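Coordinates for the following, if possible.
(one chain, ligands or ions: 2)
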Amino acid sequence: MASDNGLTLSVIGCGTMGIAILGGIMDSLNSSQSSEQEQNLPPRLPNRFNATCRSDRSASRIKNELQKYNANLNVIQSDNVRAMKEADVILLACKPFYVKDVLQAEGVREALEGKLLISILAGVPEAQLEDLLYPGLSHEEVREKITIVRTMPNTASKVRESMTVINQSTPPLPTDTKNLVHWMMSRIGKVVEIEPKNMDACTALCGSGPAFAALIMEALADGGVAMGIPRAEANLMAAQVMRGTTGLVQDGEHPAILREKVSTPGGCTIGGLLALEDGAVRSHVSRAVREATVVASLLGSGAKNVNGTRH
Ligand SMILES: NC(=O)C1=CN([C@@H]2O[C@H](COP(=O)(O)OP(=O)(O)OC[C@H]3O[C@@H](n4cnc5c(N)ncnc54)[C@H](OP(=O)(O)O)[C@@H]3O)[C@@H](O)[C@H]2O)C=CC1
Ligand SMILES: O=C(O)[C@@H]1CCC=N1
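Ligands and ions are numbered 1, 2, ... in the order given. A predicted model of the protein is given here:
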């Protein structure tokens, strides 16, 4: 791990996601398993951290949740420019509808020049971030001034089980920069690179996905409760069933084959599956991802309550 040579990472708008990502990075830096054994380790790692917010409540939350890592952390209230100036790498983690205010504040462009800006904002394409910072400049001209990388983690960052998607850059990022982005995001789970055109769909599948999975988990537990299983045990069972199924699929089992293997001819599983198909569950779940993709694509417009603009 770099120490004297370490980077300063500033998280701008450090709430639920910012805290989870910082926690993952700090935890990894403290880990007894040396990062040095990892492949593609960037030459410099973050070892100083700034986290910004506005309210006292958010500041207390950041301190309370991250103090256990004993990291070199400064919580900075209502001074994003200072945090950006002090940083080598900036993680933009405010809500999408604040992005204009945050990036167009006085001094921000100068504070960001020459640096790496990683965004986790849903529905805000790289081109929009470029345009907010450097209106009128081409992508190539902006790349000479700042490196912007769009990413989409999810709430499971908190337990280091995120599925994080990284927007492929054109031209490709310099190797050290790419390795740093991958290193940071792989502290909180798995990482996949994807073409920019798929980022909103990935926001729906990966960013919103935990909420969809939670709804299905609840429904499984409800079914158990309906048939007499106590609530606490039903919740525990539903969660472990989802985890076990995940393990099988990640071990190489195709979901359709898994379903067939569980379905004994004349047995109870096929009976339950037919009831699910009657309810068009598969179509509804897929269409939830489709709907969330469309809504995600509207989030960057600056409007709040974009769901209300859809019928
Ligand atoms: N929640 C999720 O599951 C996921 C969220 N995302 C994306 O992550 C981003 C953050 O989401 P989430 O962590 O849930 O949101 P939170 O509301 O928890 O965090 C945002 C933080 O930004 C702070 N903030 C707001 N305005 C400013 C400002 N002008 N300067 C500095 N800080 C500011 C807020 O604190 P205060 O009000 O005190 O300033 C708050 O703590 C969003 O863009 C979202 O699209 C991506 C994937 C999953
Ligand atoms: O619902 C949202 O807008 C955010 C983005 C991804 C997950 N939650």
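
Surely Ile216 touches His284?
No. Contact status for Ile216 versus His284: not in contact, 10.5 Å apart, counting by CB atoms under 8 Å. (Glycine included, C-beta is placed from N, CA and C.)

ok, those two, which is more surrounded?
Ile216 (13 against 9; other CB atoms under 10 Å).

how close does the more buried one sit to ligand 1?
In this view, Ile216 and ligand 1 are 17 Å apart by CB to the nearest ligand atom, to the nearest Å.

tell me the pLDDT at the closest residue to ligand 2 within the stretch 201-311 of the chain?
Nearest to ligand 2, among the residues of the stretch 201-311 of the chain, is Gly207, at 2.9 Å (CB to the nearest ligand atom). Here the pLDDT value assigned to Gly207 is 98.

which ones are touching it?
By CB atoms under 8 Å, 6 or more residues apart in numbering, the contact list for Gly207 reads Ala122, Met152, Pro153, Asn154, Ala296.

Counting neighbours, what do you get for Ala83?
Ala83: 23 surrounding residues under other CB under 10 Å.

again with the one 4 residues further on
Applying other CB under 10 Å, we find 24 residues neighbouring Ala87.

and the nearest residue to it once chain neighbours are set aside, helix, strand or coil?
Residue nearest to Ala87 in three dimensions, not counting chain neighbours: Ser10, with 3.7 Å by CB to CB, 6 or more residues apart in numbering. For Ser10, the assignment made with DSSP: H, G, I helix; E, B strand; the rest coil gives strand.

Now for Asn307: which residues touch it?
So Asn307 contacts Val295 (CB under 8 Å, 6+ apart).

Look up phi and psi at it.
Main-chain torsions, Asn307, degrees, to the nearest 10: phi -60, psi -30.

any idea how far it is from Ala292?
Using CB to CB, to the nearest Å, Asn307 is found at 10 Å from Ala292.

now swap in Val99 and tell me
The gap separating Val99 from Ala292 is 19 Å, by CB to CB.

now the strands: where do they sit in the stretch 151-300 of the chain?
162-167, 189-194 (DSSP state E, counting those that start in this stretch).

nearest to ligand 2, of those strands?
Closest approach to ligand 2 among the strands of the stretch 151-300 of the chain (CB to the nearest ligand atom): strand 162-167, 11.0 Å.

What's the mean pLDDT across stretch 122-129?
Averaging pLDDT along stretch 122-129 gives 97.

List the buried residues for that stretch?
By neighbour count on 16 or more other CB atoms under 10 Å, the buried set for stretch 122-129 is Ala122, Gly123, Val124, Pro125, Glu126, Gln128, Leu129.

And for the last one, nearest residue in space, chain neighbours not counted?
Counting by CB to CB, 6+ apart, Ile148 is the residue found nearest to Leu129 once chain neighbours are left out, at 5.2 Å.

Tell me if the one you found really is in a helix.
No. Using three-state DSSP, the secondary structure at Ile148 is strand, not a helix.

bridging residues for it?
Leu117 (DSSP bridges).

What is the burial count for it?
Residues near Ile148, counting by other CB under 10 Å: 24.

quick one, what contacts it?
So Ile148 contacts Leu117, Ile118, Ser119, Glu126, Leu129, Glu130, Val142 (CB under 8 Å, 6+ apart).

doesn't Pro196 make contact with the fourth one?
I take that to be Glu126. Yes. With contacts counted by CB under 8 Å, Glu126 reaches Pro196, the gap being 6.7 Å.

quick one: common contacting residues for the two?
Common neighbours of Glu126 and Pro196 are listed as Arg150, Asn167 (criterion: CB under 8 Å, 6+ apart).

Kindly export stretch 133-148 (C-alpha atoms) in CSV.
C-alpha atoms of stretch 133-148 as CSV (Å, rounded to 0.1, in the frame of the first residue of the first chain):
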residue,chain,number,x,y,z
LEU,A,133,-18.0,21.7,-16.6
TYR,A,134,-16.9,22.8,-20.0
PRO,A,135,-19.9,24.0,-22.1
GLY,A,136,-19.1,24.1,-25.8
LEU,A,137,-15.9,22.1,-25.6
SER,A,138,-15.6,18.8,-27.6
HIS,A,139,-15.1,15.5,-25.8
GLU,A,140,-11.4,15.4,-26.9
GLU,A,141,-10.9,19.0,-25.6
VAL,A,142,-12.4,18.1,-22.2
ARG,A,143,-10.3,15.0,-21.9
GLU,A,144,-7.2,17.2,-22.0
LYS,A,145,-8.5,19.0,-18.9
ILE,A,146,-10.1,16.3,-16.8
THR,A,147,-10.7,12.5,-16.8
ILE,A,148,-14.4,11.7,-16.1
